[in-house]
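Participant: how would this look folded up:
(one chain, ligands or ions: 1)
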Amino acid sequence: MLTVKNLSYRQGMKRILSDISFQVETGEFIGLLGENGVGKTTLMRALTGLVIASKETQISLDGHRDWGSILAHTAFVPNLNWASQGMTIWNVVSFYQAGYPDFNQNRWQEIAEELQINSKDKVGHLSKGQRERLVFALTVSRDASLFLLDEPFGGVDVMTRRKLLQSLLRWLPDGAMVLMSTHEISEIEPVIDRAIILKHGCLVADKEIEVIREQYQMTLEQYFMKQHAMNRKGVEA
Ligand SMILES: Nc1ncnc2c1ncn2[C@@H]1O[C@H](COP(=O)(O)OP(=O)(O)OP(=O)(O)O)[C@@H](O)[C@H]1O
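Facilitator: Numbers count the residues shown, from 1 in each chain. Reported below is the predicted structural model:
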């Protein structure tokens with residue numbers, strides 16, 4: 001289980017994340033939604049210690065509170081900036097494999113084949129979409145407990161995106177927790193269990209999809225638009 005309590009983050013004078021608390025149960029797939037700049041990426045970076053959250057913040061993953069254990073069980077590839085342009089994908093994978101003992105070679109091969117990732121290609125020669133596919137494949141190839149997927153399919157064409165979402169459920173290890181940010185709300189709806197919505201750096205909604213559909217009789221997109229229309233006091237603006 002992932003528990004996040006009172007997560008806040010400031011950059012200089014600017015408050016980016018304010019007092020965010022939520023839990024992810026074992027096996028849950030969470031959609032992290034919000035407009036551009038609300039703090040989705042920053043939240044994921046804070047969960048991996050890449051940005052230092054305020055001292056009140058408490059994060060625990062499967063009972064672990066120290067960063068060493070949290071990172072060992074969390075799969076997150078924020079970007080490929082660490083790889084030099086001249087490295088081949090094969091080099092990148094070897095590097096990654098050496099750094100993560102839970103790297104699942106069989107899964108990597110299956111994903112790489114499905115995504116038509118050619119291990120001989122150089123990182124510097126990849127298109128935006130191809131880089132995203134590689135980041136996605138590296139992330140999902142780990143036998144981690146928590147998977148942080150930050151807009152994994154932004155530059156990927158719509159047909160591949162849909163196929164990947166379905167395959168993702170098959171590829172993930174049993175009991176895996178997923179936090180995935182996306183702007184493709186209707187595409188993510190069929191696969192997620194719960195939606196967390198951020199607005200102005202605050203968590204404004206944390207709802208199960210079943211509740212949104214059955215109790216509120218809304219699609220996720222309708223629910224998202226409704227949250228978007230609310231002002232800070234929870235009244236429709
Ligand atoms: N490198 C940076 N330098 C300064 N401010 C930044 C930087 N990166 C992000 N921010 C600020 O942090 C806030 C949150 O950004 P973040 O990237 O987490 O948002 P996001 O919800 O992931 O956005 P998007 O949907 O556009 O990817 C933004 O409003 C931005 O002003």
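Participant: switch to C-alpha atoms for all contacts and neighbour counts from now on
Facilitator: OK.
Participant: so which residues on the protein come close to the ligand?
Facilitator: The chain has residues 16, 35, 36, 37, 38, 39, 40, 41, 42 near the ligand, with proximity defined as Cα under 6 Å from any ligand atom.
Participant: make a ChimeraX selection of whichever of those turn out to be buried.
Facilitator: Applying 16 or more other Cα atoms under 10 Å to the residues of the chain next to the ligand, the buried members can be selected in ChimeraX as follows:
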select :16,38,39,40,41,42
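Participant: switch the residues of the chain next to the ligand over to CSV; also include pLDDT.
Facilitator: Shown next, in CSV, are those (pLDDT from 0 to 100):
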residue, pLDDT
16, 96
35, 94
36, 94
37, 94
38, 95
39, 96
40, 96
41, 95
42, 96
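Participant: ok, of the residues of the chain next to the ligand, which one's closest to residue 186?
Facilitator: residue 35 (14.7 Å; Cα to Cα).
Participant: quick check: phi and psi at that closest one.
Facilitator: Main-chain torsions, residue 35, degrees, to the nearest 10: phi -70, psi 170.
Participant: which residues does it contact?
Facilitator: 183, 198, 199 (Cα atoms under 8 Å, 6 or more residues apart in numbering).
Participant: what about the nearest residue to residue 78 once chain neighbours are set aside, neighbour count?
Facilitator: In this structure, residue 78 finds its nearest non-sequential neighbour in residue 150, 7.5 Å apart by Cα to Cα, 6 or more residues apart in numbering. By other Cα atoms under 10 Å, the residues close to residue 150 number 23.
Participant: quickly list what residue 150 is bridged to.
Facilitator: residue 181 (DSSP bridges).
Participant: so for this protein, the centremost residue is which one?
Facilitator: residue 149 (2.5 Å; Cα atoms, centre = their mean).
Participant: quick one on the thing from earlier: dump the contacts of residue 35 to JSON lines, plus neighbour count, pLDDT and distance to residue 22.
Facilitator: As requested, the contacts of residue 35 are exported to JSON lines (neighbours: other Cα atoms under 10 Å; pLDDT from 0 to 100; distance: Cα to Cα, whole Å):
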{"residue": "183", "neighbour count": "16", "pLDDT": "93", "distance to residue 22": "20"}
{"residue": "198", "neighbour count": "24", "pLDDT": "96", "distance to residue 22": "12"}
{"residue": "199", "neighbour count": "21", "pLDDT": "94", "distance to residue 22": "15"}
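Participant: looking at those residues, which is nearest residue 31?
Facilitator: Among the contacts of residue 35, and counting by Cα to Cα, the member closest to residue 31 is residue 183, at 9.8 Å.
Participant: and residue 132, how many neighbours?
Facilitator: 20.
Participant: okay, buried residues for the helix or strand of the chain with the lowest mean pLDDT please.
Facilitator: Counting by mean pLDDT, DSSP states H and E, the chain has its least confident helix or strand at helix 158-171, which shows a mean of 86. Neighbour-count burial for helix 158-171 flags 161, 164, 165, 168, 171 (criterion: 16+ other Cα under 10 Å).
Participant: dump that helix to PDB, restricted to CA.
Facilitator: Extracted in PDB, the C-alpha atoms of helix 158-171 (Å, rounded to 0.1, in the frame of the first residue of the first chain):
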ATOM      1  CA  VAL A 158      -4.200   6.800 -30.700                       C
ATOM      2  CA  MET A 159      -4.400   3.200 -31.900                       C
ATOM      3  CA  THR A 160      -1.100   2.300 -30.200                       C
ATOM      4  CA  ARG A 161      -2.300   4.100 -27.100                       C
ATOM      5  CA  ARG A 162      -5.400   2.000 -26.800                       C
ATOM      6  CA  LYS A 163      -3.500  -1.200 -27.400                       C
ATOM      7  CA  LEU A 164      -0.900  -0.300 -24.800                       C
ATOM      8  CA  LEU A 165      -3.400   0.500 -22.100                       C
ATOM      9  CA  GLN A 166      -4.900  -3.000 -22.600                       C
ATOM     10  CA  SER A 167      -1.500  -4.700 -22.700                       C
ATOM     11  CA  LEU A 168      -0.400  -2.700 -19.600                       C
ATOM     12  CA  LEU A 169      -2.900  -4.600 -17.400                       C
ATOM     13  CA  ARG A 170      -1.600  -7.900 -18.700                       C
ATOM     14  CA  TRP A 171       2.100  -6.900 -18.300                       C
END
